Every structure is written in C-alpha cells, then in structure tokens.
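Asks: Only the shape, not the letters, is given here:
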Ligand code: FAD
Ligand code: EPU
C-alpha cells in the first residue's frame, strides 16, 4: 500500500537549492499526497524540520537536519457566476507550470508572474511579485497546517497580512506549512502593461492587441534577458529587497543623485528606491570574494561562481550592504531566508 510520503536518508540538497550550495540533510521527507501530510508529520515532526519548496529563495548557511517537501500538485477550478474562477492549487506545483496551466485554460490574471521560480505553496510567503503584479492581488485564501496547534487552518486574503515581499507566513517562519492556495482568476483579460519595458517588448514582437499569453511571453523574454539563469550560475534572484524609505529621505537623496530611480509604494509618506541602482553606483556590480560575488549582469543578484558556501554568500552580501550604507546611508535587507544564519 502507498503511504503517500517517501523518506530518504543523507540526502544531498545541492540540486534542491538554486544557489547550488552543496549541503546535505540527515533526512528528506517527500509528501506526494497531501492526504498523507498528517501521517508524515506524526512520523517525522521535529523542532528542526524545515519545509523546502524549490529552494529558490533560501541560503543554506548551515544545513537543516530534517527537510520536508510537498510534491502534491493537483489543480481544481470552480466557476463563479460573476465572470471569475476560483482556482485551487496544491502547494507542490511548480509556480511557472501553474501560470502556464491557468493561461492554457483561459483563467487570466497571472500572466505577469510567468517564469518566477518556486512552488505555488511558497508564493504567498513573500507575496511574490513582478512586472506590476503581486500575488496578493489574486489570492482569495491560503490553507495550511498549523504546527503549533496541530490542525489545518485557513486564512482569507486579509488575514495573510500581505505587503511588499512580506506576509504573516514570513513573520512566523516554520509555523504554517501551506498546503493549498486559492486564486481568483478572471474569464476576461485585464492586462497590466505599465511596468517599464513590457509595452516595448510587445511592440518589438509586432503585437498591438496582446492576449494574456503574449504578455506572459513578453515577461519571459525580459526575464531571460535580464536575470542570470540558476541552471547556468547559482543565484536566488534579487538578493535584497528594494528599500522603502520616508519620502523626505528619498527626495533628499534624489536631489543629490538625479538619475537614481525612485518609485511610488502606494502608501503615503514612503518611496521605494532601486537596490540594484544603489549597488551598481556603490561600485559593487561584478564584485567577487572567494567563490561568490555580485552578478556582472544584474547588480541585485548574488551568484555562486562554483563551490561557494552559504557563509561565503552571506559575506559578499554584507560587503555589498556595507558599501551601499557607507555611500548612500541606506540599509539593505536580504530577500532570501538565511537558513541557520542571521543578518
Ligand atoms: P523556497 O526557497 O524553497 O523557500 C522559501 C521560504 O518559503 C522558506 O522559508 C520555506 O520554508 C518557505 N516555504 C516554502 N514552501 C512553503 C510552504 N508550502 N508553506 C510554508 N512555507 C513554505 N521572487 C519574486 O517575488 N519575484 C521575482 O520576480 C522573482 N524572481 C526570481 C528569479 C530567480 C532567478 C530566482 C532564483 C528567484 C526569484 N524569486 C522571485 C524568488 C523566488 O522565486 C520566490 O521567493 C519563490 O516564491 C520561492 O519559492 P520556493 O518554492 O523556491 O521556496
Ligand atoms: N539597475 C541598475 N543596475 C543593474 C540592474 C538594474 O542600476 O545592474 C536599475 C535600473 O535603473 C532599473 C532598476 O534598477 O531600472 C530596476 O531593475 P529591474 O527592473 O530589473 O527590477 P529590480 O528592482 O531589480 C524587481 C524585483 C524582481 C522582479 C522585477 C520585475 C525586488 C527585490 N526585485 O527587481 O523580483 O522580477 O522587479 O518586476 O523587488 C526577486 O524578488 O527575486 C526578483 C527577481
């Protein structure tokens, strides 16, 4: 009889994190069927159990002892009468496959989020976002297993405390294992095309009346051009969040550096700066120390040049943050989770 989960001992995590950090876990528990999650936890719950998605937003500073993954990837859809679909997806579905699945079924709204690495289950954790859309704009509900209370729980959108690259799941790390995410997707395309470069990309492809799939393809082309591919050189995408500062501080800095990009946050009294610009203008683009460094293609991406440890990557991050703080007085904060380490 199938138990719905599988256990491996002394499992290498090198291929399971996009930095390619070469560490191993004593135990890896793969949950293939979410109906078996409770049984898997009954057998393998421990204080140091870490839930891993695709490893695209983690730095293993020291290896976790025990790792669980949710591989269940089922998708279901209910039509609601108001022209929307309620699409429910299990945590283990790879995010980009899910986006393509929705577009193929004409469930619209995720096209700008194509090609973001990771799993559906991790998508609410940092409220993934790109090209003018954040996942909080599309989430109805998040279902999870609460390890503290040992019971399933559901959070409606407003209970998730979403904000830029943030949510309640990030503030209580390891408490909730997200099992399913429910999205509100539309039968009618409502395209978001204002993010820099998207209209140009469509125009270059000769498309004047884009369909959602055209937008996804334009995003894929932009991302492929701009970001280093983790299959070629280990990285976790943006290493730092774009800093949000008081309007007064941001305006004063902008007066000193007129070509520095300054963006609105949607919240009065604050503005968002570009961490990439700050890093490049602090002279750190292409910086290398040991086996790690800053990408020479995109200043916000730290890379593993081969054989880097998590400690080396964090050391480079500290060098970068110090250089930016010394020149501009702006503190940077890492976006990926540092497992077994602190900022
Ligand atoms: P992991 O890295 O495995 O885990 C991250 C955190 O989430 C960990 O704390 C983990 O415990 C927790 N977690 C994972 N699964 C669950 C679950 N089911 N329940 C509860 N907690 C869970 N992010 C963006 O927002 N926008 C981008 O444009 C973007 N571009 C990227 C480009 C590249 C090349 C890379 C490598 C990364 C990029 N990222 C981007 C970051 C990353 O893709 C996202 O943060 C993604 O959601 C991480 O998913 P994951 O499954 O890999 O999570
Ligand atoms: N820039 C530089 N030097 C560089 C690269 C960029 O100065 O080497 C400047 C340019 O002025 C550019 C600006 O930075 O206009 C912004 O760059 P980009 O459009 O690439 O966006 P980003 O701020 O670097 C953010 C997200 C990405 C997301 C893109 C697209 C964060 C931390 N990062 O990147 O998300 O894909 O916008 O929406 O918010 C991630 O979170 O891992 C991630 C990749």
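Replies: Looks like it came in fine. The structure displayed is predicted, hence computed values, not measured ones. Ligands and ions are numbered 1, 2, ... in the order given.
Asks: Spell out which residues make up each domain of the chain.
Replies: Domains of the chain are assigned by automatic domain parsing as 5-70, 75-186, 234-339.
Asks: out of these, nearest to residue 218?
Replies: Ranking those by distance to residue 218, with C-beta to C-beta as the measure, places domain 75-186 first at 8.7 Å. All C-beta spots, glycine's among them, are computed from the backbone N, C-alpha and C.
Asks: Spell out which residues of the stretch 151-300 of the chain are next to ligand 2.
Replies: Residues of the stretch 151-300 of the chain lying close to ligand 2 by C-beta under 6 Å from any ligand atom are 226, 237-238, 241-242, 261, 274, 276-277, 280, 285, 298-300.
Asks: if we can go back for a sec, Serialize the domains of the chain to CSV and add fields for mean neighbour count.
Replies: Formatted as CSV, the domains of the chain follow (neighbours: other C-beta atoms under 10 Å):
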stretch, mean neighbour count
domain 5-70, 19
domain 75-186, 18
domain 234-339, 18
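Asks: can you redo those domains as a markdown table with distance to ligand 1?
Replies: Below are those laid out as a markdown table (distance: least, C-beta to the nearest ligand atom, whole Å):
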| stretch | distance to ligand 1 |
| --- | --- |
| domain 5-70 | 2 |
| domain 75-186 | 2 |
| domain 234-339 | 3 |
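Asks: Present these as TSV; the columns should include mean pLDDT and distance to residue 221.
Replies: Supplementary listing: the domains of the chain in TSV, determined by pLDDT from 0 to 100; distance: least, C-beta to C-beta, whole Å:
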stretch	mean pLDDT	distance to residue 221
domain 5-70	97	20
domain 75-186	97	10
domain 234-339	97	15
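Asks: nearest to residue 202, of the ones you listed?
Replies: Using C-beta to C-beta, the nearest of the domains of the chain to residue 202 is domain 75-186, at 11.7 Å.
Asks: Now do the end-to-end distance for that closest one.
Replies: For domain 75-186, the first-to-last residue distance is 16 Å (C-alpha to C-alpha, to the nearest Å).
Asks: next one: stretch 326-341
Replies: The straight-line separation of the ends of stretch 326-341 (C-alpha to C-alpha) is 24 Å.
Asks: got a list of contacts for it?
Replies: 50, 57-64, 126, 165, 173, 236-241, 243, 245, 253, 273, 275, 278-279, 281-282, 310-311, 314, 317, 320-321, 324-325, 343 (C-beta atoms under 8 Å, 6 or more residues apart in numbering).
Asks: What helix or strand is residue 148 located in?
Replies: Using DSSP states H and E, residue 148 falls within no helix or strand.
Asks: Look up phi and psi at it.
Replies: Per-residue torsions, residue 148: phi -70, psi -50 (degrees, to the nearest 10).
Asks: Would you confirm that it contacts residue 175?
Replies: Yes. At 5.6 Å, residue 148 and residue 175 qualify as touching, with contact defined as C-beta atoms under 8 Å.
Asks: give me the residue from the stretch 151-300 of the chain nearest ligand 2.
Replies: residue 237 (2.7 Å; C-beta to the nearest ligand atom).
Asks: tell me the contacts of the residue in the stretch 51-200 of the chain that ligand 2 sits nearest to?
Replies: For the stretch 51-200 of the chain and ligand 2, the shortest gap (C-beta to the nearest ligand atom) falls at residue 130, measuring 3.7 Å. With C-beta under 8 Å, 6+ apart as the criterion, the residues that contact residue 130 are 112-113, 116, 219, 223.
Asks: can you check residue 125 too?
Replies: Contact partners of residue 125, counting by C-beta under 8 Å, 6+ apart, are 57, 167, 169-170, 178.
Asks: Please narrow the contacts of residue 130 to those residing in helices.
Replies: Mapping those onto helices (DSSP state H) picks out 219, 223.
Asks: just to revisit the earlier point, report the separation between the residue of the stretch 151-300 of the chain closest to ligand 2 and residue 72.
Replies: Applying C-beta to C-beta, to the nearest Å, the value for residue 237 to residue 72 is 25 Å.
Asks: Export the domains of the chain as CSV, with columns for distance to residue 215.
Replies: As requested, the domains of the chain are exported to CSV (distance: least, C-beta to C-beta, whole Å):
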stretch, distance to residue 215
domain 5-70, 22
domain 75-186, 4
domain 234-339, 20
